[in-house]
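[1] build me a model:
(one chain, ligands or ions: 1)
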Amino acid sequence: MLTTEFAPLNIDDEARKEQARLRAFLRREVAAGSFDPMMSSWTDFDADFSRKLGREGFIGVSLSKEHGGGGKSFATRHLVMEELLASGAPCGAHWMAERQSAMQIIRFGSDKVQREILPRIVAGTCFFGIGVSEPNAGSDLASAKTSARKVDGGWLINGAKIWTTNGHKTDYLLVLARTSPQGDKRHEGFTQFIVDMKSSGIEVRPIRDINNDAEFAEEVFSDCFVPDDYVLGEVGKGWDVVLSELVFERAGPDRLLTSFQTLQALETKLAKKGANEGTREIGRLVAHLSTLRQMSLSVSSLIENGRPANLQASLVKDLGAKFEREIPERARELVDFIPRRGAGADAFTQSLTQSVMRAPSWSIRGGAREILRSVIARELGLR
Ligand SMILES: Cc1cc2nc3c(=O)[nH]c(=O)nc-3n(C[C@H](O)[C@H](O)[C@H](O)COP(=O)(O)OP(=O)(O)OC[C@H]3O[C@@H](n4cnc5c(N)ncnc54)[C@H](O)[C@@H]3O)c2cc1C
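    Just a heads-up that it's a prediction; the model follows:
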């Protein structure tokens, strides 16, 4: 029988205390009108809100004090992320930097970059995007064509990246580029670069989605100079650097809770209607969420203990994406719903409309489901 390990994560008192402190802070913020829980999500970019979280010590909670972080456990970090997501807080500005870039900089970044960038990430004043996908390289990332050529003191980047979440608003982009021509081994010859978006030689164009929101962007690089200190990891080993980043990216609570606001609002709406209408369905969804949560917590435990987690992270992302997409589907079956946005529509209708339109993209971002399933099969030794 094929099995895989999902180690339990111990939620300590400190984690629960920090969660309670954050919950109280978020309640005050909602009361002060700083965000509307029904109308925002973790990809919404609000630099002021991220700064506030940074001031309160809610960013980089598990990074070591030496790196400017809170020095707390991964359980604390997990609960902080969950609380932000469950409250519908607009965390898109700092999310990528906190979720993965900071960890990657600690593992692979030069001393200069660590000193310069990490304290700003923790302060909620420095934002990152992920620049891996290209117009002709998404699932098949090894066919990426963006290149970097060695010059005196650094590298010149040429090429294009696409679908970069908040790429038109971030301070830095982690760019995967070819530093030697493709040979027989397609995954060799890549290098990761930390690109300052203020550099010359970058053209950034926001892309509008079906909601008419510009949540992502494309970037074109023309002889964009990146200093040597801003290479992330070893030259030529960029593929391994990217793979290690995917574990952070794929199994966090953000892969389960994107539509949590809709689930909560649905429960309230059905409860107001009386009787037991929909109760069974809500119970089923909550039970499912509870299991997924345990799985996601256990990936945090594996990462904290330096254990491999690629298989577990891919499983959580695959099942989580299916779950996130199911919530708006069930909601529209259980309540009278005519999609509407803007003035005249109540918050639930607006929020559900937004979720219904965005949901198809949730199982594509961070790696499409078919690709995750092939990773899972490979990790289980099935192919
Ligand atoms: C909301 C959103 C945010 C994103 N944010 C970022 C970001 O910040 N940074 C970034 O770099 N990228 C980002 N992406 C891009 C994302 O990673 C890619 O869209 C994704 O990897 C799929 O690549 P593609 O769009 O080129 O589709 P394709 O690779 O062309 O895939 C199209 C379809 O074909 C299927 N398919 C492809 N190959 C196979 C195969 N071998 N076997 C079976 N099926 C296959 C796929 O599963 C998918 O269903 C984002 C995408 C979305 C939707």
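[2] quick one: low-confidence parts of the stretch 251-383 of the chain?
    275, 277 (pLDDT under 70).
[3] would you map the helices across it?
    All helices of the stretch 251-383 of the chain, identified by DSSP state H, counting those that start in this stretch, fall at 260-273, 279-304, 310-334, 347-362, 369-379.
[4] now swap in the stretch 1-150 of the chain and tell me
    Shown for the stretch 1-150 of the chain, the helices assigned by DSSP H, counting those that start in this stretch span residues 13-31, 47-55, 74-86, 92-96, 102-108, 111-122.
[5] which parts of the first one are buried?
    Of the residues in helix 13-31, 15, 18-19, 22, 25-26, 29 count as buried by neighbour count, 16 or more other Cβ atoms under 10 Å. Heads up, the C-betas are built off the backbone N, CA and C, glycines and all.
[6] near the ligand, which residues of the stretch 151-300 of the chain show up?
    Within the stretch 151-300 of the chain, the positions near the ligand by Cβ under 6 Å from any ligand atom are 163-165, 216.
[7] again, only this time at 5 Å
    Residues of the stretch 151-300 of the chain lying near the ligand by Cβ under 5 Å from any ligand atom: 163-165.
[8] quickly compare the helices of the stretch 1-150 of the chain and say which is most buried.
    Highest mean neighbour count of those: helix 92-96, a mean of 26 (counted as mean count of other Cβ atoms under 10 Å).
[9] quick one: contacts of that one?
    In this structure, residues lying in contact with helix 92-96 by Cβ atoms under 8 Å, 6 or more residues apart in numbering are 41-47, 49-50, 53-54, 59, 121, 124, 127-130, 165-166, 169-170, 254.
[10] at 7 Å instead, please
    Contact with helix 92-96 is made by 42-47, 50, 59, 124, 127-130, 165-166, as judged by Cβ atoms under 7 Å, 6 or more residues apart in numbering.
[11] go on, stretch 288-295?
    Residues from elsewhere that reach stretch 288-295, judged by Cβ under 7 Å, 6+ apart: 6, 256, 316, 319-320, 323.
[12] run the last query once more with 10 Å
    For stretch 288-295, contacts defined as Cβ atoms under 10 Å, 6 or more residues apart in numbering pick out 6, 8-9, 78, 82, 251, 253, 255-257, 260, 263, 312-313, 315-316, 319-320, 322-324, 326-327.
[13] with just CA atoms, put that stretch into PDB.
    Output in PDB follows, covering the C-alpha atoms of stretch 288-295 (Å, rounded to 0.1, in the frame of the first residue of the first chain):
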ATOM      1  CA  HIS A 288     -13.700  18.700   4.700                       C
ATOM      2  CA  LEU A 289     -12.100  22.000   5.600                       C
ATOM      3  CA  SER A 290     -11.100  20.700   9.000                       C
ATOM      4  CA  THR A 291      -9.300  17.700   7.500                       C
ATOM      5  CA  LEU A 292      -7.500  19.900   4.900                       C
ATOM      6  CA  ARG A 293      -6.500  22.200   7.700                       C
ATOM      7  CA  GLN A 294      -4.800  19.400   9.600                       C
ATOM      8  CA  MET A 295      -3.000  18.400   6.400                       C
END
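[14] secondary structure element for residue 185?
    For residue 185, there is no helix or strand it lies in under DSSP states H and E.
[15] list the residues that contact it.
    142, 239.
[16] same question, residue 195
    The contact partners of residue 195, by Cβ under 10 Å, 6+ apart, come to 129, 131, 148, 155, 157, 161, 170-175, 177, 201-202, 219, 221, 224-226, 230.
[17] how does it look with 8 Å?
    131, 157, 172-175, 202, 221, 224, 226, 230 are the contacts of residue 195 under Cβ under 8 Å, 6+ apart.
[18] which one of those is nearest to residue 181?
    Of all the contacts of residue 195, residue 181 sits closest to residue 157, with 15.7 Å by Cβ to Cβ.
[19] kindly provide the distance from the closest one to the ligand.
    For residue 157, the distance to the ligand equals 15 Å [Cβ to the nearest ligand atom, to the nearest Å].
[20] residue 148 is in contact with that residue, correct?
    Yes. Between residue 157 and residue 148 a contact is recorded at 4.9 Å, counting by Cβ atoms under 8 Å.
[21] which SS state does residue 220 fall under?
    Secondary structure for residue 220, judged by DSSP: H, G, I helix; E, B strand; the rest coil, is strand.
[22] can you name the residues that contact the residue in the stretch 201-350 of the chain that the ligand sits nearest to?
    Proximity of the stretch 201-350 of the chain to the ligand (Cβ to the nearest ligand atom) peaks at residue 216, 5.4 Å away. By Cβ under 8 Å, 6+ apart, the contact list for residue 216 reads 162-167, 206-207, 209.
[23] make it 6 Å
    By Cβ atoms under 6 Å, 6 or more residues apart in numbering, the contact list for residue 216 reads 163-165, 207.
[24] and the two most separated of the residues you listed?
    In the contacts of residue 216, two members sit farther apart than any others by Cβ to Cβ. They are 165 and 207, at 10.4 Å.
[25] show me which of the two is the more surrounded one.
    residue 165 (18 against 15; other Cβ atoms under 10 Å).
[26] show me what contacts that one?
    Residues near residue 165 by Cβ under 6 Å, 6+ apart: residue 216.
[27] tabulate the residues of the stretch 151-300 of the chain next to the ligand (TSV), appending distance to residue 358, secondary structure and pLDDT.
    Listed next are these as TSV, based on distance: Cβ to Cβ, whole Å; DSSP: H, G, I helix; E, B strand; the rest coil; pLDDT from 0 to 100:
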residue	distance to residue 358	secondary structure	pLDDT
163	14	strand	98
164	17	strand	98
165	12	strand	97
